[in-house]
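*Asks:* I would like the atomic coordinates for the input below:
(chains A and B, ligands or ions: 3)
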Amino acid sequence: MANQPKTGTVVLKDGIYCLEAEGKLRAIPVSPKTQPAQLKDVVGQKVEILYSEPTSFVAGLLVGGRIPILCYFPRDPDLSVVDEGARATLAKQFLNEGVLSQENYKKLVG
Amino acid sequence: MKPAPDNFQSRPLPKSFVIELTKRCNNHCLYCYMAEGPSSQDCDHDRSSELNTKGITDIIAKLCDEAPVQSIALSGGEPLLREDLPEILSFIQNKGISAVIITNGTLLTGERLASLGTKVTYEITLLSYRREVHDRLAGRRGAWDAVVDAMANVRQAKGTLVAVFVATKLNSADVSKTTELAIALGASGLMYNRMNLGAHNIRQADRLLPTAGMIRENLDALEELSGRYQLPVAASVAIEPCVIDTRKYKQIHFGWCPLAGEESYFTIDPRGNVRICNHSGVVLGNLKQDRFTDIYYNHPYVRAFRDTWPVECEGCDPELKAICCGGCKASAEQCYGTLARVDPFVTISQQVH
Ligand SMILES: C[S@@+](CC[C@H](N)C(=O)[O-])C[C@H]1O[C@@H](n2cnc3c(N)ncnc32)[C@H](O)[C@@H]1O
Ligand code: SF4
Ligand code: SF4
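*Replies:* Ligands and ions are numbered 1, 2, ... in the order given. Now for the predicted structure:
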């Protein structure tokens, strides 16, 4: 995905280790494999985002060649992108199949 | 002795909360995750123990004093059984907080919708495009007709609608066509919940819990539909990556347990009791007398919830482990009584391929 962040920076804010990417600051979840001591070493460093998805991205921080530390960033939901023409076609199809009543069909396309 | 402070002790407060306005419900969904199951819609015992309007709004005000609340989901039981829902909703909205109503949709008539308005997101469960399948899972006749009417009403009123599909053995084959029906009905997003197990519905696991193969087929179909229709799809109940490699799905947004951190959604029940999330059955305190911040920062269970790892996860690939965080611990605790076991979905789904 072209518009996905490729890198982020580890920062320490108010005693919490965070990853800064795309102008957003997210706390890095602590797990048995992600100890604060490991993160201390990489504060201020750029880290790689291992892979990303269109609605979210998962960051992997490779700390000194050791196991990757990953954290999950939900993106703000972008809701109304469904094509209206496709909605109307589906509504007509469900009307023809008898799944939707004429009354509800009118509410949807009327 | 108190543990030494670390960055968990000073983590930011959560911004999202779930408020269960009642335990009562007019449906009898076979899969319902509520720990003791929903009670009947006219159960006097539960009705009389619910906080009244002021009790609920006092709790919301208290939460706002203590945490940077940005969103509240009103759930239940069935929240539309509360006649005071419009007042509670206005109270939330007047504080500039975004609201979601999680409902089975059956009581969302045009009139009720008009009283609630369209500034709230309606999250409505549609279990199948087939009447008989939806009604069987919802435990009563007439539920499908009412929910389809409700979704069409929201669309007509230009409200925001998110459809929820709870995947079970009985409806997993219907996922594609049901998603298309939800799109036709105006859904601007789909939440795909694979059935989560708890103390009440574990008895239905054999009959209802979808197999890993069924969920994989569903995710393949949703990946294609999400791309084709530009429909955002979220899988919010953990689908553990040792069961299905979720990394290959580029369109679907997968949710993982926030482990009682900033992204968590603590849940308040109709009496004011606080739990770590809606799937957990463990009460940590009551907001009528306890401070939320005390529970969040000092309750030993909260730390145990974060720190206890299921024994089954010990040898797990660290990359998967870091994504997954040990699956749904609330489900494990409800079913086995301990946080040290893995989500029963992981074990059961691997037994029944
Ligand atoms: C407990 S219900 C309460 C609100 C309302 N009665 C309803 O059904 O929408 C909250 C949400 O959880 C979903 N749900 C219920 N049981 C579930 C389960 N076992 N696994 C996953 N999702 C479930 C419902 O579909 C609904 O979206
Ligand atoms: S409608 Fe909601 S609360 Fe009621 S039984 Fe179904 S899932 Fe549970
Ligand atoms: S952490 Fe546990 S539940 Fe999650 S992928 Fe690993 S073994 Fe499975």
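
*Asks:* Below-threshold pLDDT in chain A: ranges please.
*Replies:* Confidence mapping of chain A against pLDDT under 70 gives the ranges A:1-6, A:14-16, A:26-38, A:48-80.

*Asks:* the strands in it, which residues?
*Replies:* Secondary structure of chain A (DSSP state E): strands located at A:7-13, A:16-21, A:24-27, A:46-48, A:51-52, A:56-62, A:68-74.

*Asks:* Give me every residue in chain B lying close to ligand 1.
*Replies:* B:25, B:31-34, B:75-78, B:102-104, B:123, B:125, B:164, B:166, B:193, B:195-196, B:201, B:237 (CB under 6 Å from any ligand atom). C-beta coordinates here come from the backbone N, C-alpha and C atoms, glycine included.

*Asks:* how about a cut-off of 5 Å?
*Replies:* Counting by CB under 5 Å from any ligand atom, the residues of chain B lying close to ligand 1 are B:31-33, B:75-76, B:78, B:102-104, B:125, B:164, B:166, B:193, B:195-196.

*Asks:* A:Thr7 and ligand 1, how far apart?
*Replies:* 36 Å (CB to the nearest ligand atom, to the nearest Å).

*Asks:* Is that residue bridged to anything, and to what?
*Replies:* With DSSP bridges as the criterion, A:Thr7 is bridged to A:Glu48.

*Asks:* ok, now B:Val100?
*Replies:* B:Ala73, B:Thr121.

*Asks:* what's around it, how many residues?
*Replies:* Neighbour count for B:Val100, taken as other CB atoms under 10 Å in any protein chain shown: 18.

*Asks:* Check B:Ala304 too.
*Replies:* Burial of B:Ala304, expressed as a neighbour count using other CB under 10 Å, amounts to 14.

*Asks:* With B:Lys15 instead?
*Replies:* Using other CB under 10 Å as the criterion, B:Lys15 is surrounded by 16 other residues.

*Asks:* mind saving the C-alpha coords of the lowest-mean-pLDDT helix or strand in chain B as CSV?
*Replies:* Here the helix or strand of chain B ranked lowest by mean pLDDT, DSSP states H and E is helix B:344-351, holding a mean of 82. What follows is helix B:344-351, C-alpha atoms only, in CSV (Å, rounded to 0.1, in the frame of the first residue of the first chain):
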residue,chain,number,x,y,z
PRO,B,344,-11.1,-22.5,24.2
PHE,B,345,-11.6,-21.6,20.5
VAL,B,346,-7.9,-22.4,19.9
THR,B,347,-8.1,-25.8,21.4
ILE,B,348,-11.6,-26.8,20.1
SER,B,349,-11.2,-25.4,16.6
GLN,B,350,-8.0,-27.4,16.2
GLN,B,351,-9.8,-30.6,17.3
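
*Asks:* contacting residues around B:Arg271?
*Replies:* B:49-51, B:286 (CB atoms under 8 Å, 6 or more residues apart in numbering or on different chains).

*Asks:* can you do 7 Å?
*Replies:* For B:Arg271, the contacting residues are B:49, B:51, B:286, by CB atoms under 7 Å, 6 or more residues apart in numbering or on different chains.

*Asks:* what kind of secondary structure is it in?
*Replies:* Here B:Arg271 is recorded as coil under DSSP: H, G, I helix; E, B strand; the rest coil.

*Asks:* ok, the top helix by length along chain B near chain A or not?
*Replies:* The helix spanning the most residues in chain B, taking DSSP state H as the definition, is helix B:212-229. Yes: in terms of CB under 7 Å from any CB of the partner chain, part of helix B:212-229 sits within range of chain A, namely B:Tyr229.

*Asks:* Next, report how far that helix is displaced from the centre of its chain.
*Replies:* Using CA atoms, centre = their mean, to the nearest Å, the distance from the centre of helix B:212-229 to the centre of the chain it belongs to is 20 Å.

*Asks:* Now do the strands in the stretch 51-200 of chain B.
*Replies:* Ranges of strands in the stretch 51-200 of chain B, per DSSP state E, counting those that start in this stretch, are B:71-75, B:98-103, B:121-125, B:160-167, B:189-194.

*Asks:* got those as CSV, with distance to B:Asp290 and mean pLDDT columns?
*Replies:* Rendered in CSV, the data for the strands of the stretch 51-200 of chain B read as follows (distance: least, CB to CB, whole Å; pLDDT from 0 to 100):
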stretch, distance to B:Asp290, mean pLDDT
strand B:71-75, 19, 92
strand B:98-103, 24, 92
strand B:121-125, 28, 93
strand B:160-167, 31, 93
strand B:189-194, 30, 91
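
*Asks:* As TSV, the ones you listed with distance to B:Leu209 would be great.
*Replies:* Conversion of these to TSV gives the following (distance: least, CB to CB, whole Å):
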stretch	distance to B:Leu209
strand B:71-75	22
strand B:98-103	22
strand B:121-125	17
strand B:160-167	9
strand B:189-194	8
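
*Asks:* For B:Thr168, which non-adjacent residue is closest in space?
*Replies:* The spatial neighbour of B:Thr168 that comes closest, neighbours along the chain excluded (CB to CB, 6 or more residues apart in numbering or on different chains), is B:Leu208 at 4.3 Å.

*Asks:* Quick check: the gap between that neighbour and B:Ile202.
*Replies:* Separation of B:Leu208 from B:Ile202 (CB to CB, to the nearest Å) stands at 10 Å.

*Asks:* same question, B:Ile101
*Replies:* Using CB to CB, which is the criterion applied here, B:Ile101 is 28 Å from B:Ile202.

*Asks:* higher neighbour count, these two?
*Replies:* Set side by side, B:Ile101 and B:Ile202 give different neighbour counts by other CB under 10 Å, the larger being at B:Ile101 (22 against 16).

*Asks:* in chain A, which helix has the most residues?
*Replies:* Ranking each helix of chain A by length (DSSP H) puts helix A:84-96 first.

*Asks:* Check which helices and strands that helix is in contact with.
*Replies:* helix A:102-109, helix B:175-184 (3 or more CB pairs under 7 Å, 6 or more residues apart in numbering or on different chains; DSSP states H and E).

*Asks:* Would you indicate which residues of stretch B:93-100 are buried?
*Replies:* Neighbour counts using 16 or more other CB atoms under 10 Å in any protein chain shown place B:97, B:99-100 of stretch B:93-100 among the buried residues.
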